[in-house]
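Trainee: got a predicted model here, sequence first, then my questions.
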Amino acid sequence: MQTVETLNEGLKRAYRITISRKDIDARVDGELKRVAPQIRMPGFRPGKVPTNLVRKMHGPAIEQEALNSAVQDGVQQLMNEKQLRPAMQPSVELEDGGPGKDAVVKVELETLPDVGEPQIEGLKLERLTVEPTDEEVTEALERMASGQKSYDPAGSDHAAQMGDLVIIDYEGTVDGEPFEGGKGESMRVELGSGRLIPGFEDQLVGAKANEQRTLSVTFPEDYPVAYLKGRAAKFEVTVGEVQRPKDMALDDSFAQAMGLEGIDQLKGLLKGQIEQELNGLTRTHMKRKLLDQLAESHSFEVPPSMVEAEFAQIWQQLEHEATHEEDPEAARAEMESERDDYRAIAERRVRLGLLLSEVGQRGGIQVTDAEMNQLVAQAAQQYRPEDRQRFVEYLQNEPMAAAQLRAPLFEDKVVDFLFSKAEISDRAVTRDALQAEIESVETGHVHGPGCGHDHSHDHGAAPKAKKAKAKAKAAPAEETSAEEAPAEKPAKKAAPKKAKAEEPAPAAEAKPAKAPRAKKADADEAPAVAEKPAKAPAKKKAAPAK
């Protein structure tokens, strides 16, 4: 194999590989010898088909397989000899070749940068701590009680009020025609719950048992059934019964009904949950301040292809969220006006991911087999019982998917390692003060380090723009980390369908991936919506649920 470097510019590399015809022919002969005993042909005993007939029948396919094998091995040899670390899957293109000719292959790639020794000495962080208040515990207790409501019949003369439960039969029409899923019986509706199409619950206020009403509503523009989006509908409703909520005493009896000793134990459990939530907010604030310090103190070139992939992911999420805004076109226009900011965020995330990877490698940080097994077991619970083993096998055969599952834990361990190296001071604050601090970090600096731009405009951005920008900026940097990516990317296999979730997407490709096969040049589900899904009593497609 002959190799010529044709480009060496920054992180970009390009090579021209020439694979001799002799090497390809040797692979063809080896493949013929391997498959010939398996070929069956009328007039010949099994395994006795002459090689020349096998070549005549299957020669083109074997030739292509031999060429692909030679190219893959050649690209892998190139990676090893040049000690290349591709940032993304290399581009491999067959420029010349064919029967009787050498194969000339063009390989283009971007390499991972030399991050150098991470500067992690002298980190200073402030840990903002919050103690749960009695008021928060009481509010949590009341929320729990509201989720365990029970009702008593209100009598035939009682007019339904917000908070009451009405049991209805209904049938809906659009332009006078019934529609699928628009009819149901004995549907329980809590007035004021906001579960149903806007206006539906409001028009039941004042209704009494055995009363009939005609409700006029309009399906939301983002309703999950396409042909009902934005359309006016009428529902003929018969109220079967009206029930009033029972008063619930928050006492020992309430706690004992939940299997606890008494109300004090329940309050203690709720306080522990609130403490866990507040500790999470404290960690979020510290982590974001840590990432800001790392971003400001490290500057190195990052692969444009990784930045583009990260930006595409951010942009896709933003476009999805824009469809749920009151004015989607205005939201998209605002996005477009800040496209450069989001690209800078993508670059920051890639740089931080590579930096955290380097910190993890130098610090000997790993996700153990036991930890990985626990992650797999937890993730498998999202699938139906009969599909959980298939999911485990999918992860075993898809290192990229396994790396994505492992990445958040790896990042947390790297962050904990950095916390251990930092000088940390504690300050007690209120929940509101902590939230304000987090928002202050979120809506601040969004450009790459040392860019020299005036960032004051970020603080004047619209609240929704701030929130979206902060969400993109603060997303786990490890999504673009090189540490946890596998050395090879095997052929894709479909994961089993989750019971209530999407199957995992491939993890970021950041270490040398297996070279793709050589190729010639040129060679109606409902969308997610903000409203809750329809909770239909009859069919689940178009009941008047939100």
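Mentor: It's in.

Trainee: next, the buried residues of the helix or strand hosting Ile168.
Mentor: Ile168 belongs to strand 165-174 when elements are defined using DSSP states H and E. The neighbour-count check on strand 165-174 (16 or more other C-beta atoms under 10 Å) flags 165-172, 174 as buried. Using the backbone N, CA and C atoms, a C-beta is placed for each residue, glycine as well.

Trainee: give me the contacts around it.
Mentor: Contact partners of strand 165-174, identified using C-beta atoms under 8 Å, 6 or more residues apart in numbering, comprise 151, 160, 178-179, 182-191, 204, 207, 228, 231-245, 542, 544.

Trainee: next step: those residues restricted to strands.
Mentor: The members of those that map onto strands under DSSP state E are 151, 178-179, 182-190, 232-245.

Trainee: can you tell me the SS state at Ser216?
Mentor: Secondary structure assignment for Ser216 (DSSP: H, G, I helix; E, B strand; the rest coil): strand.

Trainee: swap that for Leu318, sorry
Mentor: Applying three-state DSSP: Leu318 is helix.

Trainee: skipping adjacent residues, who's closest to it in space?
Mentor: In space, Leu318 comes closest to Met335 once its chain neighbours are excluded; the distance is 5.4 Å by C-beta to C-beta, 6 or more residues apart in numbering.

Trainee: what about Gly116, which SS state?
Mentor: Classified using three-state DSSP, Gly116 is coil.

Trainee: which residues are in contact with it?
Mentor: Contacts of Gly116 (C-beta under 8 Å, 6+ apart): 300, 358.

Trainee: can you get me a residue count around Ala140?
Mentor: Counted with other C-beta atoms under 10 Å, the neighbours of Ala140 add up to 19.

Trainee: quick check, pLDDT for it.
Mentor: With respect to pLDDT, Ala140 has a value of 94.

Trainee: list the buried residues in the host helix or strand of it.
Mentor: Here Ala140 sits within helix 134-146, counting by DSSP H and E. Buried residues in helix 134-146, counting neighbours by 16+ other C-beta under 10 Å, are found at 136-137, 140-141, 144.

Trainee: now these in TSV, with distance to Val376?
Mentor: Compiled in TSV, the buried residues of helix 134-146 are given as follows (distance: C-beta to C-beta, whole Å):
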residue	distance to Val376
Glu136	35
Val137	36
Ala140	33
Leu141	36
Met144	32
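
Trainee: closest to His58 among the residues you listed?
Mentor: Met144 (69.2 Å; C-beta to C-beta).

Trainee: per-residue confidence for the closest residue to the closest one other than its chain neighbours?
Mentor: In space, Met144 comes closest to Leu270 once its chain neighbours are excluded; the distance is 7.5 Å by C-beta to C-beta, 6+ apart. For Leu270, the pLDDT comes out at 96.

Trainee: tally of neighbours for Leu270?
Mentor: 19.

Trainee: Leu418 too?
Mentor: Leu418: 23 neighbours (other C-beta under 10 Å).

Trainee: can you check Ser69 too?
Mentor: For Ser69, using other C-beta under 10 Å, the count is 17.

Trainee: residues of the host helix or strand of it that come out buried?
Mentor: According to DSSP H and E, Ser69 maps onto helix 51-82. The neighbour-count check on helix 51-82 (16+ other C-beta under 10 Å) flags 54-55, 58, 62-63, 65-72, 74-75, 78-79 as buried.

Trainee: now swap in stretch 255-266 and tell me
Mentor: 255, 260, 263, 266.

Trainee: stretch 19-37 now?
Mentor: 19, 23-24, 27-28, 31-32, 35-36.

Trainee: inside strands: which ones of those?
Mentor: Per DSSP E, the subset of those in strands is Ile19.

Trainee: per-residue confidence for Val242?
Mentor: For Val242, pLDDT reads 96.

Trainee: how deep is it tucked in, by neighbour count?
Mentor: Residues near Val242, counting by other C-beta under 10 Å: 27.

Trainee: bridging residues for it?
Mentor: Val166 (DSSP bridges).

Trainee: can you verify my assumption that it contacts Asn210?
Mentor: No: assessed by C-beta atoms under 8 Å, Val242 is found out of contact with Asn210, at 9.8 Å.

Trainee: specify the local secondary structure of Leu260.
Mentor: Classified using three-state DSSP, Leu260 is coil.

Trainee: Lys149 too?
Mentor: coil.

Trainee: mind checking how far the residue nearest to Met144 is from Gly147?
Mentor: 13 Å (C-beta to C-beta, to the nearest Å).

Trainee: what's the answer for Asp252, then?
Mentor: When Asp252 is compared with Gly147 (using C-beta to C-beta), they lie 19 Å apart.

Trainee: so between the two, which is more surrounded?
Mentor: Asp252 (15 against 7).

Trainee: for Gly230, what are its contacts?
Mentor: Neighbours of Gly230 in contact, by C-beta under 8 Å, 6+ apart: 218-221, 223.

Trainee: could you dump the residues you listed into JSON lines with distance to Gly116 and secondary structure added?
Mentor: Below are the contacts of Gly230 laid out as JSON lines (distance: C-beta to C-beta, whole Å; DSSP: H, G, I helix; E, B strand; the rest coil):
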{"residue": "Thr218", "distance to Gly116": "60", "secondary structure": "strand"}
{"residue": "Phe219", "distance to Gly116": "57", "secondary structure": "coil"}
{"residue": "Pro220", "distance to Gly116": "52", "secondary structure": "coil"}
{"residue": "Glu221", "distance to Gly116": "51", "secondary structure": "coil"}
{"residue": "Tyr223", "distance to Gly116": "53", "secondary structure": "coil"}
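
Trainee: most surrounded residue in those?
Mentor: Phe219 (23 neighbours).

Trainee: now do the same for that residue: its pLDDT.
Mentor: At Phe219, pLDDT is 94.

Trainee: tell me how many other residues crowd the nearest residue to it once chain neighbours are set aside.
Mentor: Counting by C-beta to C-beta, 6+ apart, Leu228 is the residue found nearest to Phe219 once chain neighbours are left out, at 4.5 Å. For Leu228, the count of nearby residues is 22 (other C-beta under 10 Å).

Trainee: name the element Glu126 belongs to?
Mentor: Glu126 belongs to strand 124-129 when assigned by DSSP H and E.

Trainee: who are the packing partners of that strand?
Mentor: Applying 3 or more C-beta pairs under 8 Å, 6 or more residues apart in numbering; DSSP states H and E, one finds that strand 124-129 contacts helix 263-297, strand 423-428, helix 431-442.

Trainee: 10 Å - rerun?
Mentor: helix 263-297, helix 399-421, strand 423-428, helix 431-442 (3 or more C-beta pairs under 10 Å, 6 or more residues apart in numbering; DSSP states H and E).

Trainee: over to the nearest residue to Leu112 once chain neighbours are set aside: give its phi and psi.
Mentor: Excluding its sequence neighbours, the residue lying closest to Leu112 (C-beta to C-beta, 6+ apart) is Arg85, at 4.3 Å. Dihedral angles of Arg85 (phi, psi; degrees, to the nearest 10) stand at phi -120, psi 90.

Trainee: no further queries at this time; thank you.
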